[in-house]
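K.L.:
here is a sequence with its predicted model. Questions after.
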Amino acid sequence: MSENPGPTTIRVEGENPYDVVVGHHLLGELGTLLGTGVRRVLVVHPGALTASAEAVREDLVAHGYQAFLAEVPEAEEAKSVQVAAFLWQVLGQADFTRSDAVVGLGGGATTDLAGFVAATWLRGMKVIQVPTTLLAMVDAAVGGKTGINTAEGKNLVGAFHPPAGVLCDLETLDSLPVHDRVAGLGEVIKAGFIADERILEIVEADPRGLTAPALTGAARGALRELIERSIAIKARVVGQDLREADLREILNYGHTFGHAIEHVERFSWRHGAAVSVGMVFAAELARLAGRLDDEVVDRHRAVLTAVGLPVSYRGDRWDKLLAAMRRDKKSRGDLLRFVVLEGIGRPTRLEGPDPALLAAAYAEVSRDAPSGAPVHL
Ligand code: GLY
């Protein structure tokens, strides 16, 4: 097999089906994903990706499109109503119509913002997502959740607006800091626990290689398989339940406690690290509720630790964590809801667990945490 096999296409079914293409040197594929009828394209990107954005713009112009660049702040700073308003202004001044398109080039924050602006401009125009981080490839850019933050919290304003296509160019991962790759592996491992044990086996086979500063050929191949498998799971889930009426909730495995950590730590933790501890919490909760074997709980700690993700959290934050979980938008009514496992690939829900059970799961998660300063990536 050559070092870089050709692209893989994963179909996301639903009302408006689209393709997620995974491979190398894919930016030339944008024209195909844009389809017919598009004349103007706005490429939304953070400053760090200006050179790539310029290359995309030149390629689009060479293919006959009118292409524009809009630089937005890095990471969560991009997800504000002010930045969205700036993009609406750019679209307005360049006469973008509903049949034109936005491209989101960057990490999850950029793709969330670009998707939101596309969802709201003229009540909805095309967006093509070009994620450049592992987390965005396996999660944020696929599935059509878009949004911005407000002073009251993350993603409180948004829309379900599936992209017209997603391009995961694996070349972009070469410049991704190792800590971001490790954080992305948190969501990959989540996909393994909820739906695909093979993902866990691949990670367990070479955790050092997957987290080495420079990836060897074998680790590159393994990472690609992990990305494709994770996207395939997400595609299957969101293809059946775009609006999170039921099945899509399983993608939130580890997120209720993980979001609470992010909130309590004022978003200084990477999302994947918080979700990692959240999965251990959910696994302990399931074990204490009599639903999950010790062996699977131990496997959570082992595989997450092997890639350098945290599995414990300080023991003096319960009241704040509980308050944050109660505010989490995934709780329905007054009841706290958790996605838990009954085995690998067997997710289910636990609604309104006994407070004593929650406290006991927290005790397990904080058991090995160093006191004082939090552990995070
Ligand atoms: N990140 C979870 C979802 O897309 O539903």
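P.N.:
Right, received. Where do you want to start?
K.L.:
how far away from the center of its chain is stretch 208-220?
P.N.:
Remark: stretch 208-220 is offset 21 Å from the chain centroid, using Cα atoms, centre = their mean, to the nearest Å.
K.L.:
what about the residue of the stretch 251-377 of the chain found nearest the ligand, neighbour count?
P.N.:
Nearest residue of the stretch 251-377 of the chain to the ligand (Cβ to the nearest ligand atom) works out as L251 at 4.0 Å. Backbone N, C-alpha and C define where each C-beta goes, glycine included. By other Cβ atoms under 10 Å, 24 other residues sit near L251.
K.L.:
swap in A205?
P.N.:
11.
K.L.:
which residues are in contact with it?
P.N.:
Going by Cβ atoms under 8 Å, 6 or more residues apart in numbering, A205 touches A222.
K.L.:
now it: how far from E225?
P.N.:
Using Cβ to Cβ, to the nearest Å, A205 is found at 11 Å from E225.
K.L.:
hang on, A363 packs against Y313?
P.N.:
No. Counting by Cβ atoms under 8 Å, A363 does not reach Y313; the two are 11.2 Å apart.
K.L.:
OK, contacts around the residue lying closest to A75 once chain neighbours are set aside?
P.N.:
What sits nearest to A75 in space, not counting adjacent residues and going by Cβ to Cβ, 6 or more residues apart in numbering, is A109, at 5.0 Å. Applying Cβ under 8 Å, 6+ apart, one finds that A109 lies in contact with E74, A75, E76, E77, A78, K79.
K.L.:
might one say that the second one is in contact with G107?
P.N.:
This points to A75. Yes. With contacts counted by Cβ under 8 Å, A75 reaches G107, the gap being 6.8 Å.
K.L.:
residues shared between the contacts of these two?
P.N.:
Common contacts of A75 and G107 (Cβ under 8 Å, 6+ apart): P46.
K.L.:
what about the two, which has more around it?
P.N.:
Taking other Cβ under 10 Å, A75 and G107 do not tie; G107 has more neighbours (28 against 13).
K.L.:
for that one, which non-adjacent residue is spatially closest?
P.N.:
T133 (4.2 Å).
K.L.:
check A101 too.
P.N.:
K126 (4.0 Å).
K.L.:
and for that neighbour, the neighbour number?
P.N.:
Close neighbours of K126, defined as other Cβ under 10 Å, add up to 23.
K.L.:
could you measure from it over to G35?
P.N.:
To G35, K126 is 8 Å away according to Cβ to Cβ.
K.L.:
identify the contacts common to those two.
P.N.:
Counting by Cβ under 8 Å, 6+ apart, the residues touching both K126 and G35 are A164.
K.L.:
up against the ligand, what does the protein have?
P.N.:
D139, G143, K145, R248, L251 (Cβ under 6 Å from any ligand atom).
K.L.:
one more time with 8 Å, if that's ok
P.N.:
Where the chain comes near the ligand, counting by Cβ under 8 Å from any ligand atom, the residues are 139-140, 142-143, 145, 187, 234, 237-238, 244, 248-249, 251-252, 255.
K.L.:
which of those residues has the weakest pLDDT?
P.N.:
On pLDDT alone, E244 ranks lowest of the residues of the chain next to the ligand, at 91.
K.L.:
now do the SS call for that one.
P.N.:
Here E244 is recorded as coil under DSSP: H, G, I helix; E, B strand; the rest coil.
K.L.:
just give me the neighbour total for it.
P.N.:
Using other Cβ under 10 Å, E244 is surrounded by 17 other residues.
K.L.:
and it, backbone torsions?
P.N.:
Dihedral pair for E244: phi 60, psi 40, per degrees, to the nearest 10.
K.L.:
roughly how far does it sit from V157?
P.N.:
According to Cβ to Cβ, E244 and V157 sit 16 Å apart.
K.L.:
spatially nearest residue to R291 (excluding sequence neighbours)?
P.N.:
According to Cβ to Cβ, 6+ apart, the nearest residue to R291 is E342 (5.1 Å).
K.L.:
show me where the stretch 251-377 of the chain has helices.
P.N.:
Remark: helices assigned in the stretch 251-377 of the chain by DSSP state H, counting those that start in this stretch are 255-264, 271-288, 294-306, 318-327, 355-366.
K.L.:
off-centre distance for the longest one?
P.N.:
From the chain centre to the centre of helix 271-288 is a distance of 17 Å (Cα atoms, centre = their mean).
K.L.:
show me what contacts the residue of the stretch 251-377 of the chain closest to the ligand?
P.N.:
L251 touches D139, G143, K190, I194, K234, V237, V238, counting by Cβ under 8 Å, 6+ apart.
K.L.:
same thing with A140?
P.N.:
By Cβ under 8 Å, 6+ apart, A140 lies in contact with G107, G108, T111, D112, P131.
K.L.:
which residue packs closest to the second one, ignoring adjacent ones?
P.N.:
Leaving aside its sequence neighbours, G108 sits nearest to A140 (Cβ to Cβ, 6+ apart; 3.1 Å).
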